[in-house]
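In: Generate a structure from the sequence data that follows.
(one chain, ligands or ions: 1)
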Amino acid sequence: MTTNSLNPVAVYIHTPFCPSKCGYCDFNSYAMSGDIMARTTAATIKEIKASPHKGRPAKTIFIGGGTPTYLPTDQLLAILQAVTEIHPPTEDCEITSEANPGTIDFPKFDAMFKAGFNRLSLGAQSFQTHDLIQLGRIHAPTHIVQAVQMAKSAGFKNINIDLMFALPGQSLKAWQTNLETALSLGTQHLSLYCLTIEPNTRFYRHNLKGLLHLPDDVKQTEMYDLAISLTKDKNLQQYEISNFAQPGLESRHNLAYWHSEEYLAFGPGAVGCYLTDNGKYRYTNLKHPEGYSAAIEHNQPLHFESETLSQEDNNFEKIMMGLRLNEGLPTINLDLDPKGLQKTIERNWIEQSDQKLTLTKEGRHFCSEVAILLCP
Ligand code: SF4
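Out: Residues are numbered from 1 along each chain as shown. Below is the predicted model of the structure:
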């Protein structure tokens, strides 16, 4: 079926459950608990065990969500065990779980580390109580600090903190405080995302009613530039538009996406992509835990949508993803529009050198526009 069936590959597992739904969230997540969790975990394990790529080594394993740490620990570990049985981890495999600071304790982190997880990604978002309440997060600022301490005590040496900026009512000073607090915790990685208002969210409806007081574009740019300068001072190098890491501890799993590599995926709503003799095949699993579990239980089709990417789609995806990286986008084998390229250079959005295109500081604010201009 695949053209590279023994190459190590990135593996993603989606766990869709959360204690409650955050106001800005459009991820495939559900405020559900009880029997459906165990049923979905069993279905996910069954899906993993039936992997058509069985035996292909995992170079990264990433359990995301949703909130993986909302699952009972035995279920989370059972998922990891199934993955490592079917897709044996390479010696240096990066094994990450997302974690919500409101759903963890030391025994959980301890058990996770002992089971083989070696990286944590903590959804902190802000260190200000009023932001967390407004966002609908279930944790308090102190939970974030405690989570980092507990993770370190459990043995984790590769920890990411997610923060969001341009929150309703957020000042530059408040954002600076958040950044400085996160940096003071001495984690190896930071992911810093600008809040986007997505349809079908509470924030979207509130924004339409004029209830959200969002920072304007100028303030957002100031916030982003501040992040770049403060992280640099702490030896966290920016390697992607939103990501900063100690050298050597960049997220290898996410790099697989940005390099447009293959990734296998399991769980409700998970999106996977692998090479076939006909090209790159991308699939999305059924999204709702009930429908997903029922399909697995009754051996029914699992893919909600699937396609073999056209050469044009593949080219656009490579440009869109690769541009995000500071290392630059290799232009070899890419199809580029010369006029569009000229425009991006004239607007000072792109620098061209050694068969690579790199976004300038200015260009980082226009990544999507640049990708569209570059595509023929
Ligand atoms: S914890 Fe994450 S996945 Fe869950 S509702 Fe909040 S933003 Fe969405």
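In: isn't residue 244 right up against residue 193?
Out: No. Counting by Cβ atoms under 8 Å, residue 244 sits too far from residue 193 to count as a contact (11.8 Å). Just so you know, the C-beta spots here come from the backbone N, C-alpha and C atoms, and that holds for glycine as well.
In: So if I had to pick from those two, which one is more boxed in?
Out: residue 244 (24 against 14; other Cβ atoms under 10 Å).
In: partners of the helix or strand harbouring that one, with directions?
Out: Element membership of residue 244, judged by DSSP states H and E, is strand 243-245. Strand 243-245 has the following sheet partners, assigned by DSSP bridges: strand 189-194 (antiparallel), strand 237-240 (antiparallel).
In: Deepest-packed of these, please.
Out: Here the criterion is mean neighbour count by mean count of other Cβ atoms under 10 Å, and of those the winner is strand 189-194, at a mean of 20.
In: How much space separates the most centrally placed residue in the chain from the ligand?
Out: For the chain, residue 254 is the residue whose C-alpha lies nearest the centre (Cα atoms, centre = their mean; 6.7 Å). According to Cβ to the nearest ligand atom, to the nearest Å, residue 254 and the ligand sit 16 Å apart.
In: Give the full set of residues in contact with that residue.
Out: Counting by Cβ atoms under 8 Å, 6 or more residues apart in numbering, residue 254 touches 240, 243.
In: What's the local residue count around residue 203?
Out: Residue 203, neighbours per other Cβ under 10 Å, totals 24.
In: what's the distance between it and residue 212?
Out: 6 Å (Cβ to Cβ, to the nearest Å).
In: Overlap of the contact sets of those two?
Out: Contact with both residue 203 and residue 212 is made by residues residue 197, according to Cβ under 8 Å, 6+ apart.
In: what's the closest of the strands paired with strand 243-245 to the ligand?
Out: With Cβ to the nearest ligand atom, the closest approach to the ligand among the strands paired with strand 243-245 belongs to strand 189-194: 10.8 Å.
In: moving C-terminal of that closest one, what's the next helix or strand?
Out: Per DSSP H and E, the first helix or strand lying C-terminal to strand 189-194 is helix 202-208.
In: Next secondary structure after that following helix?
Out: Counting by DSSP H and E, the next helix or strand C-terminal to helix 202-208 is helix 217-233.
In: so the residue of the stretch 101-250 of the chain at minimum distance from the ligand, which of the three states?
Out: Relative to the ligand, the nearest point of the stretch 101-250 of the chain is residue 123 (5.7 Å; Cβ to the nearest ligand atom). Secondary structure assignment for residue 123 (DSSP: H, G, I helix; E, B strand; the rest coil): strand.
In: For the stretch 51-200 of the chain, what lies in contact range of the ligand?
Out: By the rule Cβ under 6 Å from any ligand atom, the part of the stretch 51-200 of the chain lying against the ligand is 65-67, 100, 123.
In: change it to 8 Å
Out: With Cβ under 8 Å from any ligand atom as the criterion, the stretch 51-200 of the chain comes near the ligand at residues 65-67, 98, 100, 123, 135-138.
In: on that earlier part again, what comes up buried for the helix or strand where the residue nearest to the centre of the chain lies?
Out: Using DSSP H and E, residue 254 sits within helix 252-258. Buried residues in helix 252-258, defined by neighbour count with 16 or more other Cβ atoms under 10 Å: 252-258.
In: who does the strand ranked longest in the chain pair up with?
Out: Of all the segments of type strand in the chain, defined by DSSP state E, the longest one is strand 89-99. Using DSSP bridges, strand 89-99 pairs in its sheet with strand 58-65 (parallel), strand 119-125 (parallel).
In: Kindly reformat those strands as JSON lines containing mean neighbour count and mean pLDDT.
Out: Shown next, in JSON lines, are the strands paired with strand 89-99 (neighbours: other Cβ atoms under 10 Å; pLDDT from 0 to 100):
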{"stretch": "strand 58-65", "mean neighbour count": "24", "mean pLDDT": "98"}
{"stretch": "strand 119-125", "mean neighbour count": "26", "mean pLDDT": "98"}
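In: Any regions of the stretch 51-200 of the chain where pLDDT drops low?
Out: In the prediction, the stretch 51-200 of the chain carries no residues with pLDDT under 70.
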